[in-house]
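Asker: Here is my input, please return the structure:
(one chain, ligands or ions: 1)
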Amino acid sequence: MDGYIHSVETFGAVDGPGLRYVVFFQGCPLRCLFCHNPDSWKMGEGEKKSDTELIADILEYKSFIKRGGVTFSGGEPLAQPSFLLSLIRKCKKHGLHTAIDTSGVINIEQSRSIIAEADMLLLDIKTFDAELYPKLTGHTIDNNLATLEFCEEIGKPVWIRHVLVPGYTLVKERMEKLAEYLKQFKCIEKIELLPFHKLGEYKWEELGVPYQLYDVPVPTEEEMAMAKEIFGLS
Ligand code: SF4
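Answerer: Down below sits the predicted model:
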């Protein structure tokens, strides 16, 4: 079975527990204003690879990642469901831990059987503000929250990721509401707050896509400290 990937990282240390092989899938239905990989948006572009080819490459690193695992990131991995499921099953057959790094944009009815087979989810919550969500991503929030609720229902471990963008998500009241909402979920093992950065700005220029966050500063240390306190991480 073939799929489209954007790139791979063979010694990833930030996308899940331990040292990991990270597969960045090509294609994403969202258009986050702060996206640093807009070149991963278009479906059907990128590098065409077969599942067997990719697994063979992953297995080359098995001794390094045996205490970590494999993370399927993007783009949006759940937007290529059959390819993703096949890779998860093959990894598990070889005793490798699997994580899906997702925005939860795909309808949960389509993705629940795949999520159920992975060992854990890294779930991006772009914002908890239902009005801001479409302005920030181009989609509604419903599937994002439904994905978290499904993980709670089946006891699937989740690490939440939340990008702090000054004036958008780095707003005290918005963070307080999200922190309060997340408290009820027993499936959440960790919350990671990621500061907005501008490293992908040049990619928007290269693609000729208007970038709206030129004037938005990166968060200050004080702002990050405030956010950590709100989420109980300090
Ligand atoms: S979900 Fe990720 S890849 Fe997709 S637009 Fe948002 S930041 Fe970019």
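
Asker: for A79, what are its contacts?
Answerer: Taking Cβ atoms under 8 Å, 6 or more residues apart in numbering, we find A79 in contact with F25, G27, C28, P29, M43, V105, I106. Where C-beta positions appear, they are placed from N, C-alpha and C, glycine not excepted.

Asker: Which of the residues you listed are buried? Put it as a PyMOL command.
Answerer: A single PyMOL command is used to select the members of the contacts of A79 judged buried by 16 or more other Cβ atoms under 10 Å:
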select buried, resi 25+27+28+29+105+106
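
Asker: buried residues in whichever strand in the chain runs longest?
Answerer: Taking DSSP state E as the criterion, the chain has its longest strand at strand 2-12. Across strand 2-12, burial judged by 16+ other Cβ under 10 Å covers G3, Y4, I5, H6, S7, V8, G12.

Asker: So which residues on this protein come close to the ligand?
Answerer: Contact residues, the chain versus the ligand (Cβ under 6 Å from any ligand atom): C28, L30, R31, C32, C35, N37, S40, G74, G75, E76, S103.

Asker: tell me the helices in the protein, going along the chain?
Answerer: Along the chain, the segments classed as helices by DSSP state H run 51-60, 62-65, 81-93, 108-117, 132-137, 142-154, 172-182, 201-207, 221-230.

Asker: can you tell which of those helices is closest to E192?
Answerer: E192 sits nearest to helix 221-230 of all the helices of the chain, at 10.7 Å, using Cβ to Cβ.

Asker: Return the distance of the worst-scoring helix or strand of the chain on mean pLDDT from the chain's centre.
Answerer: The weakest-scoring helix or strand in the chain, judged by mean pLDDT, DSSP states H and E, is helix 201-207 (a mean of 94). Relative to the mean C-alpha coordinate of its chain, helix 201-207 is positioned 21 Å out (Cα atoms, centre = their mean, to the nearest Å).
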